[in-house]
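> Here is the input, now give the coordinates:
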Amino acid sequence: MKFMVSTLQILILSIVQGITEWFPVSSSGHLAILQNIFGFQNLAFDVFLHLASILAVLFVFKKEIADIFHFSDKKNIEYLLLLVIALIPAGIIGLMFKDQIEGLFSNLFYIGIFFIISGILIYSTKFFKQKSEKIDFYDSVFIGILQAFAIFPGISRSGATISGGLINGIKKETAVKFSFLMAIPIVLGASVLELKDLAFSEIDYMLLVVSFVLTFIVSLFTIRVLLRIVKSDRFYLFGVYNFILGIIVVVWSFVR
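Sure, this is the predicted structure:
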């Protein structure tokens, strides 16, 4: 019976990851909350699910990714450099404070506070107008700094980076594309550091395969839905969800 419960928990975590990785609601925050409820803490498994989500991005944006590596076009080289620049802040913070950040995943109070911060940031995009279809050096640095803060559980990576683009007046579709492409090396890098621990996990390997496929399928659906939401100018509403959830989690941290 214990195995069946564990199986159900892992499948729930897989579905939640597929939804929350690309919706701007912090997959790490939601997984941390559920793992606190389930009494199941496994950062390597979290990263494993993130890997399935990244595969979905590779599938959806395969044409755009292929175009970037056509180096005969100077614009593609410039775009790739902007992506690299945007990755630097998160890479530095992740390497310097890895152990301290991991400790926050079990602290519901801080998770709730980060959800509230994420909610305020995302809601603020309602008040900014689109002015540019191109991302420049300063946009890249600003978006990269916001992504660095998304290392904390409760602050949505996609929410922070898309918000960074929208706050700087970047066209919606351009901001979303840049945000998703930024995620690929970040998650792949984390996978190299963490997946070695999954080999010693208590999770059955067949169940890992099922959870990977499930996360991939749900991620595909979520990405396409998010693209429609952003185009319809309703992205800021995710800020309301994050803010309310943050308050609930903070209160829960005191009363549980």
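> where in the protein is pLDDT low?
For the chain, the stretches with pLDDT under 70 are 1-5, 40-44, 98-99, 102-103, 190-203.
> need the helices for it, in chain order.
2-20, 27-38, 43-60, 62-68, 74-96, 98-104, 108-124, 137-149, 157-167, 172-194, 205-231, 237-255 (DSSP state H).
> which of these is buried the deepest?
helix 157-167 (a mean of 26; mean count of other Cβ atoms under 10 Å). Backbone N, C-alpha and C define where each C-beta goes, glycine included.
> before we move on, back to that, got CSV for the helices of the chain, with distance to K131 too?
What follows is those, written out as CSV (distance: least, Cβ to Cβ, whole Å):
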stretch, distance to K131
helix 2-20, 30
helix 27-38, 30
helix 43-60, 26
helix 62-68, 22
helix 74-96, 18
helix 98-104, 34
helix 108-124, 16
helix 137-149, 11
helix 157-167, 11
helix 172-194, 11
helix 205-231, 17
helix 237-255, 21
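> closest one to Q130 among these?
In terms of Cβ to Cβ, the element of the helices of the chain nearest to Q130 is helix 172-194, at 6.7 Å.
> list the helices and strands that closest one packs on?
helix 43-60, helix 62-68, helix 74-96, helix 137-149, helix 157-167, helix 205-231 (3 or more Cβ pairs under 8 Å, 6 or more residues apart in numbering; DSSP states H and E).
> separation between M206 and V213?
Applying Cβ to Cβ, to the nearest Å, the value for M206 to V213 is 11 Å.
> which non-adjacent residue is nearest F128?
Of all residues not flanking F128 in the chain, I167 sits nearest, at 5.2 Å (Cβ to Cβ, 6 or more residues apart in numbering).
> My guess is that neighbour contacts Q130. True?
No: contact criterion Cβ atoms under 8 Å: I167 and Q130 do not qualify, at 10.9 Å.
> what would the helices and strands packed on helix 172-194 look like in TSV with distance to F178?
What follows is the helices and strands packed on helix 172-194, written out as TSV (distance: least, Cβ to Cβ, whole Å):
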stretch	distance to F178
helix 43-60	12
helix 62-68	10
helix 74-96	7
helix 137-149	7
helix 157-167	6
helix 205-231	12
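> how about the ones you listed, which one is nearest P185?
helix 74-96 (5.9 Å).
> What does I135 show for phi and psi?
phi -100, psi 130 (degrees, to the nearest 10).
> That one: how many residues sit nearby?
Number of residues near I135 (other Cβ atoms under 10 Å) recorded here: 24.
> Assess the claim that it and F178 are in contact.
Yes: counting by Cβ under 8 Å, I135 does reach F178; the two are 5.7 Å apart.
> Now do the shared contacts for these two.
Common contacts of I135 and F178, defined by Cβ atoms under 8 Å, 6 or more residues apart in numbering, comprise 82, 143, 165, 170.
> Good, we can wrap up now.
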